[in-house]
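A.B. asks: Okay, here's the prediction I keep looking at, along with the sequence it came from:
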Amino acid sequence: MFAGFFYMLREKGIPVTPTSFLRLQKALTLGLIGSVDDFYTAARAILVKSERYFDTYDQVFAHHFKGATLEDITDVELTDIAKALLEEWLKSPKELAEALGLDEKELAQYTPEELIRYFLDRLKEQKEAHHGGSRWIGTGGTSPVGHSGHHPGGMRVGGASRSKSAVKVAMERRYRDYSQEGPLTELQMGEALKRLRQMIPHGPRDVVNVEKTITETMRNGGEISIAFDRRLNDRLKVILLIDNGGWSMDPYIEIVQTLFNYARSQFKDLKIYYFHNTVYSRVWLDPQRHLRPEAVEEFIRRDPDTRIIIVGDAAMAPNELMWASGSLYVGETENLSSEERLKFLARTFRHAVWLNPQSEASWHYTWTIATIGKIFPMFELTLDGLDKAVQRLMIRH
Amino acid sequence: MNPVGETCRFQGASQYVLDDELAKIVNVSIALEMPLLLKGEPGTGKTMLAHAIADSLAMPLIVLNVKSSMKLLDALYQYDTLTRLNDSRFGDSRREVSNIEEYIRMGKIGQAFVSDCRTVLLIDEIDKADTDFQDDMLDVLDQMQFDIMEIDKTITARNRPVIIITSNAKKDLSDPFLGRCNFHHIAFPDPEMMRLILNVHFPDLSGDLAKACLNAFYRLREFRGIEKKPATRELINWVRALRADPDFDLKAVEKGELPYLGVLFKKSVDMNLALQQAGKARK
């Protein structure tokens, strides 16, 4: 029974296994399921193993059991999307202007609220589906406003997350927040970072080692000899370098702050420095990058086993990275290009990674990301990326 | 037809407000003899559920609090070598030193297996342990038996316990693990549900106070940048604090004043943020 439903779940990307499907059959034969409501709950508990798929499950369920059809995007949902888009818009006013068919100057006159309204109006005007092209809102175009566009970090409008109406519960889409593309939470970050700790025995010998005690006692001819060990302590040194300059990092401030908070509670020996876009001769201990500079050359005096984590979007003008005088700051004379500085850091510290809050899919659009990616192993600032970065940092060379 | 039997059907307990959906899932899991994996934000009552099930089915509850350093063996049994060593050395106990079985102590899973009656086994915060622990443990729970190597004896469960597993982090558990569990995610209760929960804890709570508190509470949860959002436990404590205060003024809360914020926010950073934003909201 319900094989069609099962395959549809699979098709929509929920990893349902045949074993669990058989288990559902067992539940059915046991007479545990007496109504569609029961089936909805039981099938979800048995088949779907992560809340990230609950939303998809709801949709498939609604579609399968009530023959629900695709519904037009509602105003409510649109406003949400539009708000999420705003951030993106502000990052690239030019493309936005193009997408909305406006002049950049005209655009500047709109307040955010007006922009949203303008966007919504435009969307309603548009009667037919629009796929491809670069001006309108639709799927697969190059416009930043729309779904699967190639704009870096482009948001989705409709597409996979379109709502369907049918069975009331499923319709409510209570689990939308948990769907897969959710942001990295501090909880997950803590989990990932925890693995970075390096436990080394340290301090007074005050822990009984049972195994050793037994061995020692036997060696001693049965005369009890208790062996003590030192406690395990974390001695790992970590330097966190954060790009906190300029508008390009603004959308990621929250996530970087979370990382920062967690890093602070996880590591005993942690230094945090700030830089703008890329590293020149100095980095700063204060987030304003003004009062407490420290020369990058001084880093050579540090323990080479220190783990370096650099957080930044690595997106900048190529000359900022390559020219010795490419620094953003007027009046700052540099004798080495930023690229040389980064290479210096990579040479000095064997364990260094670069975390990029931009999604990996968009990296090859920016030349400097690729270049920096050759100097430091670069990972996405997502749970997956963080996991890989931590693995990388823990390798013993 | 009711194969589960009235005696074995979970309907909620006096201290726990159960939604229908979860009750169904619990009952299906009991009937299918599958462990039930519960995920959800801290404070959504994952652990409380196990207590409630034990209460309602009148089964003893055995809690295994998972720790990061825990090995599976610790959860099954321990061979108390130190006591045996001590006994063999000083010989002042009544235990038979040559009989190793006297030095085997059951861990929490072991206890659930050898118990004379059916138990509820709560495995709390499974995500703290490493993947090997999780997979191995599920093997044991699947087969309902384990070997004690030292005395070459197999312990088989006399009664299959009702197994509830909780997980806090959103970090994924391994696929084989998930394959053997039923899964439910407890969403944060909506205001209506929360009202019921408050009623269970404070049967004499006045409607006005409950409404004012809930309004304030859900508003506080919306504040930006809060690292640890207040959850059910904090709300209950807050209501308790407000009721204990003889000078408490209900109108003030309705107006947006928030006494005893420290009960709701446990981190000083959060507390400051909340104070700032609460101040703004009042203007």
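C.D. replies: Thanks, I have the structure now.
A.B. asks: hey, where'd the strands end up in chain A?
C.D. replies: Per DSSP state E, chain A carries strands over the ranges A:138-139, A:146-147, A:199-208, A:228-234, A:237-243, A:269-275, A:282-284, A:293-295, A:307-311, A:352-356, A:378-380.
A.B. asks: wait, which of the ones you listed is closest to chain B?
C.D. replies: When the strands of chain A are compared by CB to the nearest CB, strand A:199-208 sits nearest chain B, at 8.4 Å. (Glycine included, C-beta is placed from N, CA and C.)
A.B. asks: how about the strands of chain A in a markdown table, adding mean neighbour count, distance to chain B and mean pLDDT?
C.D. replies: Formatted as a markdown table, the strands of chain A follow (neighbours: other CB atoms under 10 Å in any protein chain shown; distance: least, CB to the nearest CB, whole Å; pLDDT from 0 to 100):
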| stretch | mean neighbour count | distance to chain B | mean pLDDT |
| --- | --- | --- | --- |
| strand A:138-139 | 20 | 29 | 37 |
| strand A:146-147 | 24 | 25 | 36 |
| strand A:199-208 | 11 | 8 | 71 |
| strand A:228-234 | 13 | 9 | 75 |
| strand A:237-243 | 21 | 17 | 84 |
| strand A:269-275 | 18 | 16 | 83 |
| strand A:282-284 | 20 | 22 | 83 |
| strand A:293-295 | 13 | 26 | 83 |
| strand A:307-311 | 25 | 18 | 88 |
| strand A:352-356 | 24 | 18 | 88 |
| strand A:378-380 | 21 | 16 | 87 |
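A.B. asks: Any idea which of those gets closest to A:Gln59?
C.D. replies: For the strands of chain A, the distance to A:Gln59 is smallest for strand A:146-147, at 16.0 Å, taking CB to CB.
A.B. asks: Show me what from the stretch 1-150 of chain B comes close to chain A.
C.D. replies: By CB under 8 Å from any CB of the partner chain, the residues of the stretch 1-150 of chain B that approach chain A are B:1-4, B:21, B:24-25, B:27-29, B:31-32, B:34, B:36-37, B:39, B:68, B:81-82, B:85, B:88-89, B:127.
A.B. asks: Can you list which of those residues are found in strands?
C.D. replies: Those of those lying in strands (DSSP E): B:Leu36, B:Leu37, B:Lys39.
A.B. asks: pLDDT and distance to B:His51 added to those, as JSON lines?
C.D. replies: Listed next are these as JSON lines, based on pLDDT from 0 to 100; distance: CB to CB, whole Å:
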{"residue": "B:Leu36", "pLDDT": "91", "distance to B:His51": "14"}
{"residue": "B:Leu37", "pLDDT": "90", "distance to B:His51": "17"}
{"residue": "B:Lys39", "pLDDT": "86", "distance to B:His51": "18"}
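A.B. asks: For these, pick the one with the most neighbours.
C.D. replies: B:Leu37 (26 neighbours; other CB atoms under 10 Å in any protein chain shown).
A.B. asks: Domain-wise, how is chain A divided?
C.D. replies: Chain A breaks down by automatic domain parsing into domains covering A:3-66, A:75-162, A:204-233, A:235-394.
A.B. asks: Among those domains, show the one with the smallest mean pLDDT.
C.D. replies: Ranked by mean pLDDT, the domains of chain A bottom out at domain A:75-162, which scores a mean of 47.
A.B. asks: just the strands in the stretch 101-250 of chain B please.
C.D. replies: Secondary structure of the stretch 101-250 of chain B (DSSP state E, counting those that start in this stretch): strands at B:104-106, B:120-124, B:145-148, B:153-156, B:162-167, B:182-186.
A.B. asks: export stretch A:31-48 as CSV, just CAs?
C.D. replies: What follows is stretch A:31-48, C-alpha atoms only, in CSV (Å, rounded to 0.1, in the frame of the first residue of the first chain):
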residue,chain,number,x,y,z
GLY,A,31,-4.2,-1.9,13.1
LEU,A,32,-2.5,1.1,14.6
ILE,A,33,-3.6,3.5,12.0
GLY,A,34,-7.2,4.2,11.8
SER,A,35,-7.5,7.4,9.9
VAL,A,36,-5.7,9.7,7.5
ASP,A,37,-4.6,11.8,10.4
ASP,A,38,-3.1,8.7,12.1
PHE,A,39,-1.4,7.8,8.8
TYR,A,40,0.1,11.3,8.5
THR,A,41,1.7,11.2,11.9
ALA,A,42,2.7,7.6,11.9
ALA,A,43,4.2,7.6,8.4
ARG,A,44,6.1,10.7,9.2
ALA,A,45,7.6,9.3,12.4
ILE,A,46,8.5,6.1,10.7
LEU,A,47,9.7,7.3,7.3
VAL,A,48,11.1,10.8,7.8
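A.B. asks: Turn the strands of the stretch 101-250 of chain B into JSON lines, including mean pLDDT.
C.D. replies: Formatted as JSON lines, the strands of the stretch 101-250 of chain B follow (pLDDT from 0 to 100):
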{"stretch": "strand B:104-106", "mean pLDDT": "90"}
{"stretch": "strand B:120-124", "mean pLDDT": "91"}
{"stretch": "strand B:145-148", "mean pLDDT": "89"}
{"stretch": "strand B:153-156", "mean pLDDT": "89"}
{"stretch": "strand B:162-167", "mean pLDDT": "90"}
{"stretch": "strand B:182-186", "mean pLDDT": "87"}
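A.B. asks: what bits of chain B have low per-residue confidence?
C.D. replies: B:1-15, B:169-172, B:225, B:256, B:279-283 (pLDDT under 70).
A.B. asks: for the residue nearest the centre of it, what are its contacts?
C.D. replies: Nearest residue to the geometric centre of chain B (CA atoms, centre = their mean): B:Thr47, 1.5 Å. Applying CB atoms under 8 Å, 6 or more residues apart in numbering or on different chains, we find B:Thr47 in contact with B:Leu122, B:Asp124, B:Thr166.
A.B. asks: contact partners of stretch B:132-149?
C.D. replies: So stretch B:132-149 is contacted by B:35, B:66, B:70-72, B:75-77, B:79, B:104, B:109-110, B:113, B:123, B:126, B:153-157, B:160, B:163, B:173-174, B:176-177, B:180-181 (CB under 8 Å, 6+ apart).
A.B. asks: Would you mind checking those residues for buried ones?
C.D. replies: B:35, B:66, B:70, B:72, B:75-77, B:79, B:104, B:109-110, B:113, B:123, B:126, B:155, B:157, B:163, B:173, B:177, B:180-181 (16 or more other CB atoms under 10 Å in any protein chain shown).
A.B. asks: Distance-wise, check the closest residue to B:Gly107 other than its chain neighbours relative to B:Glu125.
C.D. replies: Spatial nearest neighbour of B:Gly107, excluding adjacent residues (CB to CB, 6 or more residues apart in numbering or on different chains): B:Ala75 at 4.5 Å. In this view, B:Ala75 and B:Glu125 are 13 Å apart by CB to CB, to the nearest Å.
A.B. asks: likewise A:Lys374?
C.D. replies: On the measure of CB to CB, A:Lys374 and B:Glu125 end up 41 Å apart.
A.B. asks: A:Pro304 too?
C.D. replies: Taken as CB to CB, the span from A:Pro304 to B:Glu125 is 37 Å.
A.B. asks: quick one, which of those two is more surrounded?
C.D. replies: B:Glu125 (19 against 12).
A.B. asks: just checking, the more buried one touches B:Leu64?
C.D. replies: No. With contact defined as CB atoms under 8 Å, B:Glu125 does not count as touching B:Leu64 (9.6 Å).
A.B. asks: what's the straight distance from one end of stretch B:65-76 to the other?
C.D. replies: 13 Å (CA to CA, to the nearest Å).
A.B. asks: Closest to B:Ala58 out of the ones in strands among the residues of the stretch 1-150 of chain B next to chain A?
C.D. replies: Distances from B:Ala58 to those, taken by CB to CB, are shortest for B:Leu36, at 18.7 Å.
A.B. asks: how about the closest one, what does it touch?
C.D. replies: Per CB under 8 Å, 6+ apart, neighbours of B:Leu36: A:Ala45, B:Ile25, B:Val26, B:Ser29, B:Ile163, B:Ile164, B:Ile165, B:Cys181, B:Asn182, B:Phe183, B:His184.
A.B. asks: Can you lay out these as a markdown table showing distance to A:Phe21?
C.D. replies: Listed next are the contacts of B:Leu36 as a markdown table, based on distance: CB to CB, whole Å:
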| residue | distance to A:Phe21 |
| --- | --- |
| A:Ala45 | 13 |
| B:Ile25 | 17 |
| B:Val26 | 21 |
| B:Ser29 | 17 |
| B:Ile163 | 22 |
| B:Ile164 | 24 |
| B:Ile165 | 22 |
| B:Cys181 | 15 |
| B:Asn182 | 13 |
| B:Phe183 | 14 |
| B:His184 | 18 |
